[in-house]
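Participant: give the three-dimensional model of this entry:
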Amino acid sequence: MHIAVAGNIGSGKTTLTSLLAKHYKWEAHYEDADDNPYLNDFYEEMQRWSFNLQVYFLNTRFTQILKIRQGKKTVIQDRTIFEDAYIFAPNLHAMGLMTTRDFENYTSLFKLMNSFVKAPDLLIYLRASVPTLVTQIQKRGRVYEESIRIDYLKRLNERYEAWISTYEEGKLLIIDVDTNKFSENPEHLGEIIGKIDAEINGLF
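Facilitator: Numbering: from 1, shown residues only. Presented below is the predicted three-dimensional model:
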């Protein structure tokens with residue numbers, strides 16, 4: 001099985017992925033921000049590095065999915081290939097931070113890759129308000145995230161909601177991070193696990 005966790009920057013994807021991998025003994029595939037060669041440059045100069053960054057994400061995510069599908073283990077993935085294509089790249093284009101030429105090139109590349117991959121068996125979407133995102137981003141204290149603007153997070157949230165409202169590629173579970181504090185409250189994590197059990201049992 002392929003489970004994926006989706007959500008805006010600071011919504012708690014990596015934390016939930018770790019907790020669920022530990023509980024279910026699933027193999028976890030993370031978005032490795034520390035090894036990303038473009039991330040620091042991107043936050044310093046978004047317009048110059050947006051295309052490079054998005055192609056890097058697309059490539060690493062596509063590679064991840066192929067490995068997941070070829071393997072025999074149940075895998076939980078931190079962020080999906082869809083988020084790059086439906087949220088981050090279009091947002092950069094709309095903000096004037098990616099040229100139309102680069103965006104069209106990127107989109108055609110995604111469509112080609114998407115024709116080779118299958119959506120996750122279960123998608124877990126972490127819904128969070130901008131104040132919650134800001135609090136959690138500040139709490140983890142990554143230097144390159146200090147320059148993230150509120151309006152940038154807001155735009156991303158709007159695109160996430162639009163994408164999730166039409167998502168029909170597979171099973172979907174929505175968690176409200178404003179009220180469910182799974183990282184600090186074991187009971188809240190238990191609620192999520194109960195919902196996942198219900199969804200997974202329906203997958204077989």
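
Participant: buried stuff in the lengthiest helix in the chain?
Facilitator: What stands out as the longest helix in the chain, according to DSSP state H, is helix 46-70. Buried positions in helix 46-70, judged by neighbour count with 16 or more other C-beta atoms under 10 Å: 46, 49-51, 53-58, 60-62, 64-65, 68. Any C-beta I mention is one placed from the backbone N, CA and C, and that applies to glycine too.

Participant: next helix or strand past it?
Facilitator: Proceeding N to C from helix 46-70, the next assigned helix or strand is strand 75-78, under DSSP states H and E.

Participant: average pLDDT for that next one?
Facilitator: In this model, strand 75-78 has an average pLDDT of 95.

Participant: which neighbouring elements make contact with the very next helix or strand once past that strand?
Facilitator: Counting by DSSP H and E, the next helix or strand C-terminal to strand 75-78 is helix 81-83. Applying 3 or more C-beta pairs under 8 Å, 6 or more residues apart in numbering; DSSP states H and E, we find helix 81-83 packed against helix 46-70, helix 100-114, helix 150-165.

Participant: got a list of what residue 150 touches?
Facilitator: By C-beta atoms under 8 Å, 6 or more residues apart in numbering, the contact set of residue 150 is 130, 134.

Participant: can you tell me how far it is from residue 98?
Facilitator: Noted for residue 150: a distance of 21 Å to residue 98, by C-beta to C-beta, to the nearest Å.

Participant: which stretch among the helices and strands packed on helix 81-83 comes nearest residue 10?
Facilitator: Among the helices and strands packed on helix 81-83, the nearest to residue 10 by C-beta to C-beta is helix 150-165 (7.7 Å).
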